[in-house]
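# would you be able to build a 3D model of this:
(one chain, ligands or ions: 3)
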Amino acid sequence: MKLRDLLKDIPFTYTAVDLDIDIREVRYDSRAVQPGDLFVAVRGFATDGHAYIGMALKKGAVAVVCEQAGKGIPAVIVPDARAALADIAGNRFDHPSRKLTMVGVTGTNGKTTTTTLVKHILEAEGHKVGLIGTNQNMIGDEVIPTERTTPESYELQALFARMAEAGCTHCVMEVSSHSLVLDRVRGVRFAVGAFTNLTQDHLDFHKTMEAYREAKAKLFTISDKGVVNLDDPVADKMLADATCPCLTFSADKDAADLSAKNIELGASGVSFVAATRDAIARVSLGIPGHFSVENALAALGVCVALGVPLEHAARALGTAHGVKGRAEVVPTDTDYTVLIDYAHAPDGVSNILRTVRGFAKGRVIALFGCGGDRDRTKRPIMGHLAAELSDYCIVTSDNPRTEQPEAIIEDIVAGMKAAKVPVDVICDRRAAIYHALDIAQKDDVIVLMGKGHETYQEIDHVKHHMDEREIVADYFKEKNV
Ligand SMILES: CC(=O)N[C@H]1[C@@H](OP(=O)(O)OP(=O)(O)OC[C@H]2O[C@@H](n3ccc(=O)[nH]c3=O)[C@H](O)[C@@H]2O)O[C@H](CO)[C@@H](O)[C@@H]1O[C@H](C)C(=O)N[C@@H](C)C(=O)N[C@H](CCC(=O)O)C(=O)O
Ligand SMILES: Nc1ncnc2c1ncn2[C@@H]1O[C@H](COP(=O)(O)OP(=O)(O)OP(=O)(O)O)[C@@H](O)[C@H]1O
Ligand SMILES: N[C@H](CCC[C@H](N)C(=O)O)C(=O)O
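Residues are numbered from 1 along each chain as shown. Ligands and ions are numbered 1, 2, ... in the order given. Modelled structure (predicted):
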């Protein structure tokens, strides 16, 4: 593609560069540059892409998009290189999201579950659907592994292009607050945007809850229709900030456009009656917990906003499977239960433990840690909640990343000083899981929190294989039970 075409509709100035030059590929990481590429220098949090312009040119970049450049550099100057990267990506792939009906889901918790449910409903309606989210990306049934909840703009546009090419009509994606602040979804217009909830997480990045909320509210300025959880305390603010009409849903307020009545919570799922102003349908979903009612309502709301009849959407939920690592039961031949759940923030911990408490006949054994290089202030809160809501706590390591796991554990345990239940600290997660299995008795429920679908443990930039399902299976193999 010609540089000029990549820059279409982007305000820029330029020096020492031929706008008609052919560009082989666009790169925002100098380490990936190959001869003939365009390098976009992004100012980041850890480092500044401008520092790598020399390296990119040495590796054969024929032009650079940046915010400032030294003399003689073949540079296109833009006011904001990160925003330009998203615009260039749109131009490079010819704005593929415009060929798809886009659905975006934001919220602290429930994004993965809700997007998965929406995909399931739309497929039941006969559509081919793409999915982008924490667990994996999908083009129809094809699974594409991912590192991020919402990929960088360039990868995102490339994915949309693959989806459109493969015949997808819809793309359902998780829109993280990071992605809204960091322009990853810039240039994407959503047919429907949905908000599940706002609770504490990611304060390392957003600093305040209000900034975190404002990040999420941006989704409703780039969507044609909104779907908002009226039960969330910030619902009014989200609705006030929205520039599109919004449908509201609620698990306990009749005032909502879509509400749930006669809610029944069971050990293996939930059921309720969903009602809009002109339709009513019975829903059962095989994922336990009150939050499953909210996720089901969010998914129904999105589909109704897209024009799917409520009865169709409700029927489809009856055949939806659970999501990997979300209240997932690990098969064991024992008289106690082992659950894996992705609870990694205070609200998730509280929700899953309350849910388990609701059906456990024996003790609730909570095993968890906290991620390194992430919101530190959530650690003691998670510790406190786990001790309050379980009968036995085992504190261990999650993904320590570049932090010392023992120091993370110290932060967690600081919130557990008043614990009335036993608290064991075992830093090695495998050993901690073995310990939980050692102490489990008939009817107990062990809840392994935080790692969910992840099959690795990230220590100092290296991902080591670790699958909690395999650890549980190894335990029984080794013990010969
Ligand atoms: C805070 C954040 O999101 N940071 C993302 C951001 O990093 P950054 O802009 O700070 O990049 P940087 O490392 O300072 O580097 C600046 C620039 O220099 C370039 N560079 C760097 C080194 C070099 O040798 N050459 C070079 O060109 C880099 O490629 C980059 O373009 O852009 C990078 C490139 O896309 C991302 O990898 C990085 O994600 C980091 C690793 C991350 O962990 N992000 C998490 C927090 C995140 O995004 N999470 C949300 C979901 C959370 C949820 O909902 O639970 C997500 O959507 O996944
Ligand atoms: N609607 C909800 N409200 C509160 N907690 C929820 C909700 N749905 C799920 N959870 C809890 O939060 C955990 C994460 O859920 P899920 O993966 O669906 O959220 P997410 O928004 O995709 O999170 P992330 O982007 O961080 O992966 C679940 O394992 C469960 O414990
Ligand atoms: N998307 C979340 C996932 C956290 C999962 C947990 N295992 C951790 O590492 O903290 C984040 O990046 O904060």
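
# contacting residues for the residue nearest to Asp241 when sequence neighbours are not counted?
Closest residue to Asp241 apart from its sequence neighbours, by CB to CB, 6 or more residues apart in numbering: Ala217 at 4.1 Å. For the C-beta atoms, the positions are set from N, CA and C on the backbone; glycine is no exception. Listed by CB atoms under 8 Å, 6 or more residues apart in numbering, the contact partners of Ala217 are 237-238, 241-242.

# now do stretch 193-207, average pLDDT.
The pLDDT scores in stretch 193-207 average 95.

# what is the end-to-end distance of it?
By CA to CA, to the nearest Å, the extent of stretch 193-207 from end to end equals 24 Å.

# give the buried residues for it.
193-203, 205-206 (16 or more other CB atoms under 10 Å).

# next one: stretch 451-469
Using 16+ other CB under 10 Å as the test for burial, stretch 451-469 gives 451-454, 457-459, 466-469.

# just the residues contacting that stretch, thanks.
Stretch 451-469 is contacted by residues 134-136, 323-326, 328, 330, 340-342, 344, 397-402, 429-430, 433, 448 when judged by CB under 8 Å, 6+ apart.

# among the residues you listed, name the ones in strands.
Judged by DSSP state E, the contacts of stretch 451-469 include 328, 330, 340-341, 448 as members of strands.

# Throw those residues into CSV and include distance to ligand 2, neighbour count and pLDDT, thanks.
Listed next are the ones in strands among the contacts of stretch 451-469 as CSV, based on distance: CB to the nearest ligand atom, whole Å; neighbours: other CB atoms under 10 Å; pLDDT from 0 to 100:
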residue, distance to ligand 2, neighbour count, pLDDT
Glu328, 9, 20, 90
Val330, 14, 16, 92
Ile340, 9, 24, 96
Asp341, 4, 24, 96
Leu448, 11, 28, 98
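
# pull the most distant pair out of the residues you listed.
The most widely separated members of the ones in strands among the contacts of stretch 451-469, counting by CB to CB, are Val330 and Asp341 (10.9 Å).

# overlap in contacts, these two.
Joint contacts of Val330 and Asp341 (CB under 8 Å, 6+ apart) are Leu448.

# mind listing what Glu123 touches?
With contacts defined as CB under 8 Å, 6+ apart, the neighbours of Glu123 are Val129.

# and it, that's in a helix?
Yes. Glu123: assigned to a helix according to DSSP: H, G, I helix; E, B strand; the rest coil.

# contact partners for Val172?
By CB under 8 Å, 6+ apart, Val172 lies in contact with 103, 105, 115, 118-119, 122, 129-132, 302.

# right, I mislabeled it, should have said Arg277
Contacts of Arg277 were listed using CB under 8 Å, 6+ apart, and they are Asp257.

# please repeat the previous calculation with a cut-off of 10 Å.
When contacts are counted by CB atoms under 10 Å, 6 or more residues apart in numbering, Arg277 touches 257-258.

# before we move on, the earlier item: look up which helix or strand the residue nearest to Asp241 falls in, please.
Using DSSP states H and E, the element containing Ala217 is helix 209-217.

# near ligand 1 at all, that helix?
No. Figure legend: helix 209-217 not in contact with ligand 1 (CB under 6 Å from any ligand atom); closest approach 10.0 Å.

# what's the distance between that helix and the middle of its chain?
Here helix 209-217 is found 16 Å from its chain centre; the criterion is CA atoms, centre = their mean, to the nearest Å.

# send the alpha carbons of whichever helix or strand comes after that helix over as PDB?
Note on helix 209-217: by DSSP H and E, the next helix or strand toward the C-terminus is strand 223-229. This file holds the C-alpha atoms of strand 223-229, laid out as PDB (Å, rounded to 0.1, in the frame of the first residue of the first chain):
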ATOM      1  CA  SER A 223     -22.200   3.000  19.800                       C
ATOM      2  CA  ASP A 224     -25.500   3.300  18.000                       C
ATOM      3  CA  LYS A 225     -27.400   1.700  20.900                       C
ATOM      4  CA  GLY A 226     -26.500   1.000  24.500                       C
ATOM      5  CA  VAL A 227     -27.400  -1.800  26.900                       C
ATOM      6  CA  VAL A 228     -26.900  -0.800  30.600                       C
ATOM      7  CA  ASN A 229     -27.100  -2.700  33.800                       C
END
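
# what's strand 223-229 packed up against?
Packing contacts for strand 223-229, counted by 3 or more CB pairs under 10 Å, 6 or more residues apart in numbering; DSSP states H and E, involve strand 101-106, strand 190-195, helix 235-241, strand 246-250, helix 290-305.

# picking that back up, can you tell me which of the contacts of stretch 451-469 are in helices?
Among the contacts of stretch 451-469, the members falling in helices are 429-430, 433 (criterion: DSSP state H).

# and the buried ones among those residues, selectable in PyMOL?
In PyMOL, this line selects whichever of the ones in helices among the contacts of stretch 451-469 come out buried by 16+ other CB under 10 Å:
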select buried, resi 429+430+433
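
# distance to ligand 3 and pLDDT for the ones in helices among the contacts of stretch 451-469 - can I get that in TSV?
Below are the ones in helices among the contacts of stretch 451-469 laid out as TSV (distance: CB to the nearest ligand atom, whole Å; pLDDT from 0 to 100):
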residue	distance to ligand 3	pLDDT
Arg429	11	98
Arg430	15	98
Ile433	15	98
